[in-house]
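K.L.:
the following comprises the amino acid sequence and a computationally predicted model.
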Amino acid sequence: MDETTKRLIQEVKKVIVGKDEVIARIWMAILARGHVLLEDVPGVGKTTMALAFARVLGLEVKRVQFTPDTMPSDIIGFSAFYQGNLQYQPGAVMTNLLLADEINRTSPKTQSALLEVMEERQVTIDGKTFALEPPFFVIATQNPVETAGTFPLPEAQMDRFMMRLSMGEVTREEEIAILETYCHADPIMELQQVITREELLA
C-alpha cells in the first residue's frame with residue numbers, strides 16, 4: 001500500500017504542481033470511504049485534481065456543473081413509463097466518482113438530493129431503493145469568495161464531507177512549472193492507472 005500511495009502521488013503530481021499534501025489528504029479520504037469538498041478561488045486546479053484522481057484510479061467519473069436550474073432528477077435520476085412499465089432512469093450519481101462542480105451554485109432542493117446518496121450510497125425513487133456500485137465518492141468544488149447567485153451549503157450537507165480542503169495559492173516557481181506542463185498538451189490524458197478497482201475496494 002505504501003508503494004501504491006507513492007506511485008499515485010507521483011502520477012497526480014504530473015498535472016497538479018506543488019500540492020502534495022492536498023493530494024495525500026484526498027487519497028486518505030478515498031481510502032476511508034469519505035467525500036471531499038475543495039473550496040478555493042477559480043483557476044487553482046480543483047476540477048483538474050478530481051479528474052486526475054479518476055484517471056489514476058481507473059474509475060468511471062461523471063461531472064455535473066451545478067447551476068440554479070439543475071434539478072434533483074439530474075443528480076439521482078427519475079422514473080419514466082416505458083412500454084407500460086415504470087422504469088428507473090439513472091442520474092449522474094450512478095458512477096464511481098461524482099465531480100460536483102460549483103456545488104453551491106445550485107438550489108438547496110438540488111443540494112439535498114445528494115444527502116441520501118452520500119451517506120448511504122443509494123437513491124430512493126418512487127419508493128424503490130437503488131444501491132450504487134462501489135466504490136463511490138464525491139469530490140465537490142465551490143468558490144468561497146463569490147457569493148452572488150450562490151446558496152450556502154446547509155449543515156446537513158457539510159456533514160456529509162469527510163474533508164474540507166483548500167488548494168492554496170501557488171508560488172512564482174510553481175506558476176512557471178504549470179505553464180511548462182500545459183504549454184504543449186493536456187497532460188491529464190497521459191496519466192496512468194496505478195490501482196485496480198478490486199485493489200481499491202480491498
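P.N.:
It's in. None of the values given here were measured: they were computed from a predicted structure.

K.L.:
buried stuff in stretch 108-126?
P.N.:
Judged by neighbour count (16 or more other C-beta atoms under 10 Å), stretch 108-126 contains these buried residues: 110-111, 113-114, 116-118, 121, 123, 125. Bear in mind the C-beta positions are built from the backbone N, C-alpha and C, glycine included.

K.L.:
before we move on, what about stretch 189-202?
P.N.:
Buried residues in stretch 189-202, counted by 16+ other C-beta under 10 Å: 191, 194-195, 197, 200.

K.L.:
now swap in stretch 128-143 and tell me
P.N.:
The neighbour-count check on stretch 128-143 (16+ other C-beta under 10 Å) flags 130, 132, 135-143 as buried.

K.L.:
kindly provide the distance from the nearest residue to residue 5 once chain neighbours are set aside to residue 77.
P.N.:
Distances taken as C-beta to C-beta, 6 or more residues apart in numbering place residue 27 nearest to residue 5, at 6.5 Å, with adjacent residues excluded. Residue 27 is 29 Å from residue 77, where distance means C-beta to C-beta, to the nearest Å.

K.L.:
now swap in residue 64 and tell me
P.N.:
Relative to residue 77, and taking C-beta to C-beta, residue 64 is found at 12 Å.

K.L.:
can you map out the helices along the protein?
P.N.:
For the chain, applying DSSP state H gives helices covering 2-12, 20-31, 46-57, 72-76, 108-120, 155-158, 172-182, 197-201.
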